[in-house]
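Visitor: after the sequence you'll find the predicted model.
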Amino acid sequence: MKEVKLPPALQQQILQLQQLQEQLQIIINQRTQLELQLKDTENAIKEIENLEEGVDIYKSIGGILVKTTKNKVLNELKEKRELLDIRLKSLQKQEEKLQIKLRDLQQRVQEGLRSIGAT
Amino acid sequence: MKEEERRILIEYQYYLQQIEIFKQNLELITSSIDELNRVKDFLDKLSELESFEDEILIPIGANSFIRAKLLDKKNVIFGVGSGVYIKKEIPKVKDSIERRIEELEKVKNKHEETIRILLDRAKELEPKVSEIVKKYEAAGK
């Protein structure tokens, strides 16, 4: 394979492409974490909604479990679900934008490499 | 190095990395299943206790225990996710545990299948990878 010296502008684009890929990976990891938390919260809501009134419910605070009530914990969990949902939607939008930017840059880099005969 | 050779090496490396990731996940899943089985065994043995008067020892770490008595032999405080725990009857807890084990077993089987597929693909590439490595080692001498 012949050695080709890349023009500085193209080198810059490749660097930017790597940075975008790293950013995208971070966002995907964050989204996966949020999706897991959301599923966990939804499971907890489902379990508690099916409980009869008066059943003992506890909430973990630090290392200890504190007694709470069905209504209180349901309100807290629903608020948490709403918050997670908003954060998830915002991350999904960021991810979509980043994907478009990445595809665009990938295309430009490929064209750049073709034009100097590096591929 | 030719483009095709580079592609083979990258693909081979990718399979090895993926196998490693899936193996690590598999270990975590297996240890979760073991833990759930331990709790299930414990709950079975709990019902064998003669009475509430039976003395139990609670581990506090470093092979040390404190003496205690059970307040409730019928219910367990069970985590339902998101840091919330509920009082649940032991048979219901056992059902929940069994369901979790079943779900984890399914994920475990899928992981094992994926590892098998990845290993097959890596094995297919191995002769070509050895050839490439030998070729460049010989050229380097």
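Guide: Received, thanks. Keep in mind that this is a model prediction, so the values were computed, not measured.
Visitor: C-alpha only now, for contacts and for neighbours.
Guide: Fine.
Visitor: any idea of the mean pLDDT in the helix ranked longest in chain B?
Guide: Among the segments of chain B that qualify as a helix by DSSP state H, the longest is helix B:90-140. Predicted confidence along helix B:90-140 averages 93 (mean pLDDT).
Visitor: close to chain A, is that helix?
Guide: No - in this structure, helix B:90-140 remains apart from chain A according to Cα under 8 Å from any Cα of the partner chain; the gap is never smaller than 10.9 Å.
Visitor: got the residues of chain A near chain B?
Guide: A:1, A:37, A:40-41, A:43-44, A:47, A:55-60, A:73, A:77.
Visitor: farthest pair in these?
Guide: Of all pairs drawn from these, the greatest distance, 72.1 Å, lies between A:1 and A:55 (Cα to Cα).
Visitor: looking at these two, which is more packed in?
Guide: Looking at residue A:1 and residue A:55 with other Cα atoms under 10 Å in any protein chain shown, you find the greater number of neighbours at residue A:55, namely 13 against 8.
Visitor: what's the burial count for the closest residue to that one other than its chain neighbours?
Guide: Once flanking residues are discounted, residue A:55 sits nearest to residue B:87: 6.6 Å by Cα to Cα, 6 or more residues apart in numbering or on different chains. When counting by other Cα under 10 Å, one arrives at 17 neighbours for residue B:87.
Visitor: ok so residue B:87 is a strand residue?
Guide: Yes - per DSSP: H, G, I helix; E, B strand; the rest coil, residue B:87 lies within a strand segment.
Visitor: surely it and residue B:78 touch.
Guide: Yes - here residue B:87 reaches residue B:78: they are 6.2 Å apart, a contact under Cα atoms under 8 Å.
Visitor: what helix or strand is residue A:76 located in?
Guide: Using DSSP states H and E, residue A:76 sits within helix A:70-115.
Visitor: and that helix, what does it pack onto?
Guide: Helix A:70-115 is packed against helix A:8-49, with contacts defined by 3 or more Cα pairs under 8 Å, 6 or more residues apart in numbering or on different chains; DSSP states H and E.
Visitor: what is the orientation angle of the helix it packs on with helix A:70-115?
Guide: Computed with axes from the mean of the first three to the mean of the last three Cα atoms, to 10 degrees, the direction of helix A:8-49 lies at 160 degrees from that of helix A:70-115.
Visitor: quick one: residue A:111 and residue A:16, what's the gap?
Guide: 15 Å (Cα to Cα, to the nearest Å).
Visitor: no no, residue B:66
Guide: In this structure, residue B:66 and residue A:16 are 60 Å apart, going by Cα to Cα.
Visitor: and for residue B:119?
Guide: The value you get for residue B:119 to residue A:16, if Cα to Cα is used, is 34 Å.
Visitor: what's the answer for residue A:98, then?
Guide: Between residue A:98 and residue A:16 the distance, using Cα to Cα, works out to 12 Å.
Visitor: can you tell me the centre-most residue of chain A?
Guide: Relative to the mean C-alpha position of chain A, the nearest C-alpha, by Cα atoms, centre = their mean, is the one of residue A:31, at 1.9 Å.
Visitor: so it sits against residue A:89, correct?
Guide: No - in terms of Cα under 8 Å, residue A:31 does not count as a neighbour of residue A:89; the distance is 9.2 Å.
Visitor: before we move on, back to that, which one of residue B:66 and residue A:16 has more residues nearby?
Guide: Shown here are residue B:66 and residue A:16; by other Cα under 10 Å, residue A:16 has more neighbours (15 against 9).
Visitor: check the gap between the more buried one and chain B for me.
Guide: Shown here: residue A:16 relative to chain B, a distance of 22 Å by Cα to the nearest Cα, to the nearest Å.
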